[in-house]
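In: Build me a structure from this.
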Amino acid sequence: MTSQDSAEVIRLLSMRLYALNDLALTLKHIHWNVVGPHFIAVHEMLDPQVEQVRCMIDDTAERISTLGGIPRGTSGALVAERTWQDYSVGRAEAIEHLGALDLVYAKIIEEHRAAVRATDEPDRVSQDMLIEQLRSLELFQWFVRAHLESSGGTLSTADAGSEREAAAQAAEQARKQP
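Out: Take a look at the predicted model:
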C-alpha cells in the first residue's frame, strides 16, 4: 500500500472510529433514558449491542495503529471531527427511542458501506473488517426495525427526516395499534 493510500484509509477509519464511539455512547444514553411498557426489552437488548460496538471500536483503533496512524479516542476529538449532531432524544418511551435509533443505524450503515467501497482497491484487510462490522450493525438495525414495522413491511418511520420526527412517528403509529 502506498503512503498516500494508507493516509486515506487511516482518515476513513478514523471517521468510522468516531461514529462507532458515538454509537456506543448513544446506545448507553438510550439504555439509561428509555421508559414505558417495553422498557426492559429495549434496556436489555441494548447492552449486547454496546459490547459488540465496543469491540468494533477496538478493532478499528488497532487497524489505524497497524497502518501507522494514531487513533484518537477522546470525546474532544470525536466532537471536533464528527459531521453529525448529538442524538436528540432524552427520556422517552421505548418506541420513540427505537424510531430515532433506526435513523442512527441507517446513517452509520450508509457511511460504513461508503468506507467499504473506498477501501476496495487500497486495503482489502480494512475492507474485510468493515464488512464484518456491517454484518452486526445491520443485524442490530433489524432488531430495532422489528419494533417499527407492520406485518406488511411498512416502516412507521419511513418518512422521518430527523430523530425527533422518527420518534414522533413511531409513537403515533404505536398509539394507533390495538
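In: Distance check, S151 against R11.
Out: S151 is 43 Å from R11, where distance means CB to CB, to the nearest Å. C-beta: built from backbone N, CA, C; applies to glycine.
In: who's more crowded, those two?
Out: R11 (13 against 5; other CB atoms under 10 Å).
In: what ranges do the helices span in the chain?
Out: Taking DSSP state H to define them, one finds helices in the chain at 3-33, 39-66, 75-81, 94-118, 124-145, 163-176.
In: from those helices, which stretch is densest packed?
Out: Most buried of the helices of the chain, by mean neighbour count (mean count of other CB atoms under 10 Å): helix 94-118, with a mean of 21.
In: Which strands or helices does it pack on?
Out: Counting contacts by 3 or more CB pairs under 8 Å, 6 or more residues apart in numbering; DSSP states H and E, helix 94-118 packs against helix 3-33, strand 34-35, helix 39-66, helix 124-145, helix 163-176.
In: what does the fourth one contact?
Out: In this case it means helix 124-145. Contact with helix 124-145 is made by 9, 12-13, 16, 20, 45, 49, 52, 56, 59-60, 63, 67, 98, 101-102, 105-106, 108-109, 112-113, 115-116, 119-120, 155, as judged by CB atoms under 8 Å, 6 or more residues apart in numbering.
In: CA atoms only for it, dumped as PDB, please.
Out: Provided in PDB are the C-alpha atoms of helix 124-145 (Å, rounded to 0.1, in the frame of the first residue of the first chain):
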ATOM      1  CA  ARG A 124      -8.900  -5.200   1.500                       C
ATOM      2  CA  VAL A 125      -7.900  -6.100   5.100                       C
ATOM      3  CA  SER A 126      -9.600  -2.900   6.400                       C
ATOM      4  CA  GLN A 127     -12.400  -3.600   4.000                       C
ATOM      5  CA  ASP A 128     -12.900  -7.100   5.400                       C
ATOM      6  CA  MET A 129     -13.100  -5.600   8.900                       C
ATOM      7  CA  LEU A 130     -15.700  -3.000   7.900                       C
ATOM      8  CA  ILE A 131     -17.800  -5.700   6.100                       C
ATOM      9  CA  GLU A 132     -17.800  -7.800   9.300                       C
ATOM     10  CA  GLN A 133     -18.800  -4.800  11.300                       C
ATOM     11  CA  LEU A 134     -21.600  -4.100   8.800                       C
ATOM     12  CA  ARG A 135     -22.900  -7.600   9.400                       C
ATOM     13  CA  SER A 136     -23.500  -6.800  13.100                       C
ATOM     14  CA  LEU A 137     -24.700  -3.200  12.500                       C
ATOM     15  CA  GLU A 138     -27.300  -4.400  10.000                       C
ATOM     16  CA  LEU A 139     -28.400  -7.100  12.400                       C
ATOM     17  CA  PHE A 140     -28.900  -4.600  15.200                       C
ATOM     18  CA  GLN A 141     -30.900  -2.300  12.900                       C
ATOM     19  CA  TRP A 142     -33.100  -5.300  12.100                       C
ATOM     20  CA  PHE A 143     -33.700  -5.800  15.800                       C
ATOM     21  CA  VAL A 144     -34.800  -2.200  16.100                       C
ATOM     22  CA  ARG A 145     -36.900  -2.200  12.900                       C
END
